[in-house]
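Student: need coordinates for the following:
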Amino acid sequence: MTAMTAACYPATAMGFNEYELEADMTDVIETSHMVAPKMLIADDDPDVVRLLADRCVKLGFKVETASNGMQLLIKARHSHPDIMIVDVNMPELDGLTVCTRLLDPGSKPVDIVVVTGSTDPTTAERCESLGLFYGRKGPEFWESIESALVEIYPTMADRIEEQKMKSTGNEVHERPRVLVVDDDPAIQMFLASRLGKLGIDTLYASNAVHAYRIACKARPSVVITDNFMPDGDAQYLLYRLRGTPATENIPVFVISGQALNELTEQNLRREICGRPGAAQIFKKSFDTHELFGALQQYCGFEKKQAKE
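Tutor: Reported below is the predicted structural model:
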């Protein structure tokens, strides 16, 4: 096994730590020696866990998850996974410490992909010394995971390509882009940080006028806008977007620092030029899991297909 260095990305129902996810038997990876390899994913960020678990299940893995280092150690020793994806910085025990313990002589061999958001070069060096695959969370996160999986399971390449074709309708996939509209830089940076972990590009605007111009040019997958801003509120932005053919179908999420009365919500959601108004309305104290669940639905990335 060789170490892999890559700038990596992603990044997205919580509670995976409590149960296993398993691919439909029609979708499992099958070779003469292997059916549904067991994978253990460990990360204290539930959005990253969700994204990785969703994608790896679709590739045919039987997935179990852990949310901290101690849980990872216990589950790994109990379930003996074939492969693990492990975050470095986790509560209770860090990922590299757990990996070192699991690589003791006499233990069952396991392929490990270590991921981190840190740029510290010593992390990559330590992974290489231990013979671990390594990837850094960032814009190419999922691509680096794919590279590691193909190196570990060469037959995975066709399966990965097949999944890409299914999810994009035989077109080249482009990562989602979300336009964040808020005059508070702290909100912009918070959302950008969270979205970046999921492999979503972020565009910024501090007011509705600027946001409309960016939307017309960049065509984002979703617009997340504050309700009250200088130079136009969310309703103004909705009217501009819905009145322009290039932007009329872009889903808009509205976030508000204060509770909205029923009339205001109705105005935000009502049809404009025959197109829907706000797709979702959140308070600024929103649950990020709820927000990212909505992004999965409207961005079209890793959207779960309903069983027929």
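Student: just the helices in this structure please.
Tutor: 46-58, 69-79, 95-102, 121-130, 141-152, 156-168, 185-197, 208-218, 234-242, 262-269, 288-299 (DSSP state H).
Student: show me which residues of the last one are buried.
Tutor: Applying a neighbour-count criterion of 16 or more other C-beta atoms under 10 Å, one finds 291-296, 298-299 buried in helix 288-299. (Each C-beta comes from the backbone N, C-alpha and C, glycine too.)
Student: quick one: buried residues of stretch 194-214?
Tutor: 194-208, 211-212, 214.
Student: show me the shaky parts of the stretch 51-200 of the chain.
Tutor: Where the stretch 51-200 of the chain drops to pLDDT under 70, the residues are 106, 139, 164-174.
Student: please repeat the previous calculation with a cut-off of 90.
Tutor: Low-confidence segments of the stretch 51-200 of the chain (pLDDT under 90): 51-60, 89, 100-110, 115-178, 180-200.
Student: break this protein down into its structural domains.
Tutor: 16-168, 177-299 (automatic domain parsing).
Student: that older thread, export the buried residues of helix 288-299 as CSV, with columns for pLDDT and distance to residue 116.
Tutor: Output for the buried residues of helix 288-299, formatted as CSV (pLDDT from 0 to 100; distance: C-beta to C-beta, whole Å):
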residue, pLDDT, distance to residue 116
291, 77, 24
292, 78, 21
293, 78, 25
294, 80, 28
295, 79, 24
296, 75, 24
298, 73, 29
299, 67, 25
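Student: for residue 5, give me the pLDDT.
Tutor: We have a pLDDT of 38 for residue 5.
Student: I misspoke; the intended subject was residue 43.
Tutor: Per-residue pLDDT puts residue 43 at 92.
Student: kindly report the same for the one 3 residues further on.
Tutor: Confidence at residue 46, expressed as pLDDT, is 85.
Student: thought it was touching residue 67?
Tutor: Yes. Residue 46 is within contact range of residue 67, at 7.2 Å (criterion: C-beta atoms under 8 Å).
Student: of the two, who's got more company?
Tutor: residue 67 (23 against 20; other C-beta atoms under 10 Å).
Student: would you check that the more buried one makes contact with residue 48?
Tutor: No. Under the criterion of C-beta under 8 Å, residue 67 makes no contact with residue 48, lying 10.6 Å away.
Student: give me the contact list for stretch 243-259.
Tutor: Applying C-beta atoms under 8 Å, 6 or more residues apart in numbering, the contact partners of stretch 243-259 are 182, 187, 212, 215-216, 219-228, 234, 237-238, 240-242, 268, 272-273, 275, 277-284, 286, 291, 294, 298.
Student: pLDDT of stretch 233-251, averaged?
Tutor: pLDDT averaged over stretch 233-251 gives 87.
Student: list the buried ones in it?
Tutor: Within stretch 233-251, the residues scored as buried using 16+ other C-beta under 10 Å are 233-242, 247, 250-251.
Student: off-centre distance for that stretch?
Tutor: Computed by C-alpha atoms, centre = their mean, to the nearest Å, the chain-centroid distance of stretch 233-251 equals 26 Å.
Student: next one: stretch 192-200
Tutor: Per C-alpha atoms, centre = their mean, the centroid offset for stretch 192-200 relative to its chain is 7 Å.
Student: how many neighbours does residue 98 have?
Tutor: Neighbour tally, residue 98, other C-beta under 10 Å: 26.
Student: ok, now residue 40?
Tutor: 25.
Student: how about the nearest residue to it, chain neighbours excluded?
Tutor: residue 81 (4.1 Å; C-beta to C-beta, 6 or more residues apart in numbering).
Student: I figured the one you found hits residue 109, correct?
Tutor: No. With contact defined as C-beta under 8 Å, residue 81 does not reach residue 109; the gap is 11.0 Å.
Student: one step back: what's the distance between the residue nearest to residue 40 and residue 152?
Tutor: 12 Å (C-beta to C-beta, to the nearest Å).
Student: the more surrounded of those two?
Tutor: Shown here are residue 81 and residue 152; by other C-beta under 10 Å, residue 81 has more neighbours (23 against 17).
Student: got the contact list for that one?
Tutor: Contacts of residue 81 (C-beta under 8 Å, 6+ apart): 38-40, 64, 110.
Student: what about residue 177, distance to residue 297?
Tutor: Taken as C-beta to C-beta, the span from residue 177 to residue 297 is 16 Å.
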